[in-house]
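Undergrad: Pasted the sequence and its predicted model underneath.
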Amino acid sequence: MSKWKKGLSLLLTAMLVFVLASCGGGGGGGGDAKGSAGNSGGNSANPGTEDSGDIDTSKFVKISYLVLGDKPKNGQFEKVLAEVNKIMKEKINAELEWKWIEWADWQTKYNLALASGEPYDLITIGTDWLDTWGNAQRGAFMNLDELLPKYAPETWKSVPEEDWKESMYNGKIVLIPENDYTQWVNHGFFYRGDWAKEAGITEPIKDWEGIGKYLQYIKDNKPDVIPWDAASGTQTWGGFVQSYTDELELPISTGLLPVYTAKSYEEKFTVVSPVFEDVFLDYATMMKSWADKGFWREDALNNKNNNRDALKAGLSGLDQHHTQTFSGLRVEMDRLQPGSELQMFPFSRTRGTNLMELSITHGGTSVGAHSKNPERALMAYDLIRNNEQVYHLLNYGIEGVQYVIKDGKRARPEGYDDARDNFYSDFWGGRVDKFEIPSETTWDQIEETLYAEYDKLKKPYVYGQFVFDKTPVEAELTAISQVTGELGPAIVMGKAGDPAAAVEEFRSKLKQAGYDKVLAELQKQLDAYKAQLGE
């Protein structure tokens, strides 16, 4: 099977509008979305901690793990964690505690949690959506250079030197990358293939105009369906940029809407801004048109409904997220809406010029700067990542309850009830292909379709060692994030009035906030990064 180190970062690099800016991504959990890699076995014994030498584990400790996601409410997570903690107690005399940052206002909550000084032990990180470098700059994470070889020896040996280099801030390792996990998080729209055919769309949709034609058909012919039941917080601007420019996303957070990009893969170190180009007016105009046509609710800016649930119920015709979400959702839709033939229009398809592989630090784990038990925390992480039994529990649940193995794939046990038995841990901090078990809930054509398409377009990720120092422009970035958060939602949902006037106001406010100063500083640092790489 071909390996893709990672796909394009989340379209929703949506972001924090306060001082602690961060960038956004989507949900998920459990592990059912991942099914492209087989289980090649591995060491199911304690990964290097039984022979602990002079490591003192006589004192029992609790290890906290900060994760993002809505805490499960059916009790299954607690049952699974109890099984995990039996192993943790036996091997390292410790117990894991999950600390959830729920999705409602997650950007703010996550950064405030790290700024609080609370002694979190393990922390989920993501350099392209969780403002990891900004948090490292603010001193949120512990340096791990001396701790890793001793307390996480299996992990230390399994991560190549070049990957550790991409995990450093100021020359010190501050995170453990999710470098051995195959995934594509390239974003796009999901649409019903059956309704597209009814609309006369017989080829895969390749642009936003095609999506508009599809939505218009639903509006005209499906009176009980909202073409796209988009909710507040929806962000599509980054996807439009990917579809209609050659520009590349940069690892810098500017609130709800991305403001700065690189010009192209050929000019990857030249900073530009799509907000100050015609493409932004084109976007605002299209979104105003979609709103006027009734493609979403009139009160979409205040809509709190779950659009994906509406799609599954046949009450919405469009969704958006990344490829792994699609791979599982396709199977669900086949079951819940037989014949729907859910399709994906990846934003990268329109031009095919700016799809980068995903950074190995899109997911990973850090140790909190105020951790009281960093040694034991790393020992616990080493078990999660390298002990097959622990790995399967945290990613899939209990065999026989959450899953069974049929023909080498995970399947639902007989009598499985989703409300009663569903399990997820939202562990995205150290998944590895060697322990992954393919799932029957993953679309079996994903590799030959979308993955094959991406493989023809992909380009190496080029910003893995670029760490933007926000110190010289901290105040300006905060002000820019406030502008995107205050004016962006109305533009995204076509509720800002005249598009030209809305765009002009947006640009003016960005200028007042310090746009030019940030642009100059970003360019200066990218120039230095280019020199560092010897290009």
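TA: Yep, it's here. Numbering: from 1, shown residues only.
Undergrad: can you list contacts of the host helix or strand of residue 517?
TA: Using DSSP states H and E, residue 517 sits within helix 515-533. Applying C-beta atoms under 8 Å, 6 or more residues apart in numbering, the contact partners of helix 515-533 are 250, 252, 259-260, 262, 269-271, 273, 463, 465-466, 468-469, 472-473, 476-477, 480. In this view, the C-beta of every residue, glycine as well, is placed from N, C-alpha and C.
Undergrad: again, only using 7 Å
TA: 252, 260, 269, 271, 273, 466, 468-469, 472-473, 476-477, 480 (C-beta atoms under 7 Å, 6 or more residues apart in numbering).
Undergrad: Next: stretch 110-126.
TA: Counting by C-beta under 7 Å, 6+ apart, 16, 20, 22, 25, 63-68, 99, 101, 130-132, 135, 138, 140, 175, 362-368, 370-373, 377, 381, 428-429 sit against stretch 110-126.
Undergrad: Select from these every entry located in helices.
TA: Of these, the ones assigned to helices by DSSP state H are 132, 135, 377, 381.
Undergrad: Apart from its chain neighbours, what residue comes closest to the first one?
TA: Read it as residue 132. residue 125 (4.5 Å; C-beta to C-beta, 6 or more residues apart in numbering).
Undergrad: Retrieve the pLDDT associated with the one you found.
TA: Residue 125 carries a pLDDT value of 97.
Undergrad: go on, residue 21?
TA: Looking at residue 21, its pLDDT reads 35.
Undergrad: same check, this time on residue 12
TA: At residue 12, pLDDT is 33.
Undergrad: do the same with residue 304
TA: Per-residue confidence (pLDDT) for residue 304: 91.
Undergrad: repeat for residue 16
TA: pLDDT for residue 16: 32.
Undergrad: shouldn't residue 489 be in contact with residue 301?
TA: Yes - taking contacts as C-beta atoms under 7 Å, residue 489 lies within contact range of residue 301: 5.8 Å.
Undergrad: re the thing from before, list the buried residues in the helix holding residue 517.
TA: Going by neighbour count (16 or more other C-beta atoms under 10 Å), the buried part of helix 515-533 is 515, 518, 519, 521, 522, 525, 526, 529.
Undergrad: re the thing from before, in strands, which of the contacts of stretch 110-126 fall?
TA: 63, 64, 65, 66, 67, 68, 99, 101, 364, 365, 366, 367 (DSSP state E).
Undergrad: For the residue lying closest to the last one once chain neighbours are set aside, list the residues it contacts.
TA: Distances taken as C-beta to C-beta, 6+ apart put residue 142 closest to residue 367, at 4.4 Å, once the chain neighbours are dropped. When contacts are counted by C-beta under 7 Å, 6+ apart, residue 142 is found next to 367, 368, 369, 371, 374.
Undergrad: Name the member of the residues you listed with the most neighbours.
TA: residue 367 (27 neighbours; other C-beta atoms under 10 Å).
Undergrad: Show me the beta-bridge partners of it.
TA: Beta-bridge pairing for residue 367 (DSSP bridges): residue 122.
Undergrad: And the pLDDT at it?
TA: Model confidence at residue 367, given as pLDDT, is 98.
Undergrad: so it makes contact with residue 377?
TA: Yes - counting by C-beta under 7 Å, residue 367 sits close enough to residue 377 to count as a contact (5.5 Å).
Undergrad: Which parts of the stretch 251-400 of the chain are strands?
TA: 261-262, 271-272, 318-322, 342-346, 364-367 (DSSP state E, counting those that start in this stretch).
Undergrad: Out of these, flag the one nearest residue 192.
TA: Closest to residue 192 of those is strand 342-346 (C-beta to C-beta; 6.2 Å).
Undergrad: Find the nearest non-adjacent residue to residue 135, please.
TA: Spatial nearest neighbour of residue 135, excluding adjacent residues (C-beta to C-beta, 6+ apart): residue 114 at 5.2 Å.
Undergrad: That neighbour: which element?
TA: helix 106-115.
Undergrad: same check, this time on residue 478
TA: Using DSSP H and E, residue 478 falls in helix 474-492.
Undergrad: Could you give the average pLDDT over that helix?
TA: Helix 474-492 shows a mean pLDDT of 96.
Undergrad: And that helix, what's buried?
TA: Buried, per 16+ other C-beta under 10 Å, within helix 474-492: 474, 476-485, 487-492.
Undergrad: one step back: which one of the contacts of helix 515-533 is nearest to residue 500?
TA: Scanning these for proximity to residue 500, where the rule is C-beta to C-beta, the winner is residue 273, at 17.6 Å.
Undergrad: Can you name the residues that contact the closest one?
TA: 259, 260, 261, 519.
Undergrad: my guess is residue 189 meets residue 208, correct?
TA: No - when contacts are counted by C-beta under 7 Å, residue 189 is not listed as touching residue 208 (8.4 Å).
Undergrad: So, low pLDDT: which residues of the chain?
TA: Within the chain, the segments meeting pLDDT under 70 span 1-53.
Undergrad: again, only using 50
TA: By pLDDT under 50, the low-scoring segments of the chain are 1-52.
Undergrad: burial of residue 404, as a residue count?
TA: Neighbour tally, residue 404, other C-beta under 10 Å: 14.
Undergrad: What segments of the stretch 101-250 of the chain are strands?
TA: So, for the stretch 101-250 of the chain - with DSSP E, counting those that start in this stretch - the strands run 122-125, 168-169, 172-173, 176-177, 187-192, 248-249.
Undergrad: Ramachandran angles for residue 410?
TA: The phi and psi torsions at residue 410 (degrees, to the nearest 10) take the values phi -70, psi 130.
Undergrad: Run through the bridge partners of it.
TA: Applying DSSP bridges, one finds that residue 410 bridges with residue 405, residue 439.
Undergrad: Contact partners for it?
TA: Neighbours of residue 410 in contact, by C-beta under 7 Å, 6+ apart: 396, 403, 437, 439, 440.
Undergrad: now residue 77
TA: Residue 77 touches 423, 425, counting by C-beta under 7 Å, 6+ apart.
Undergrad: That one: what secondary structure?
TA: When classified by DSSP: H, G, I helix; E, B strand; the rest coil, residue 77 comes out as helix.
Undergrad: how close does it get to residue 69?
TA: Per C-beta to C-beta, to the nearest Å, residue 77 is found 10 Å from residue 69.
Undergrad: do residue 485 as well
TA: Distance, residue 485 to residue 69, using C-beta to C-beta: 23 Å.
Undergrad: Quick check on the contacts of residue 410: which are buried?
TA: Taking 16+ other C-beta under 10 Å as the criterion, what is buried in the contacts of residue 410 is 396, 403, 437, 439, 440.
Undergrad: Would you mind checking which of these is nearest to residue 221?
TA: Nearest to residue 221, judged by C-beta to C-beta, of the buried ones among the contacts of residue 410 is residue 440 at 33.6 Å.
Undergrad: just checking, residue 174 touches residue 366?
TA: Yes - the pair residue 174 / residue 366 is scored as a contact, 5.9 Å apart, by C-beta under 7 Å.
Undergrad: so what's in contact with those two at the same time?
TA: Shared contacts of residue 174 and residue 366 (C-beta under 7 Å, 6+ apart): residue 141.
Undergrad: Counting neighbours, go ahead and name the busier of the two.
TA: residue 366 (28 against 24).
Undergrad: Now for the more buried one: which residues touch it?
TA: Neighbouring residues of residue 366 by C-beta under 7 Å, 6+ apart: 123, 125, 141, 174, 175.
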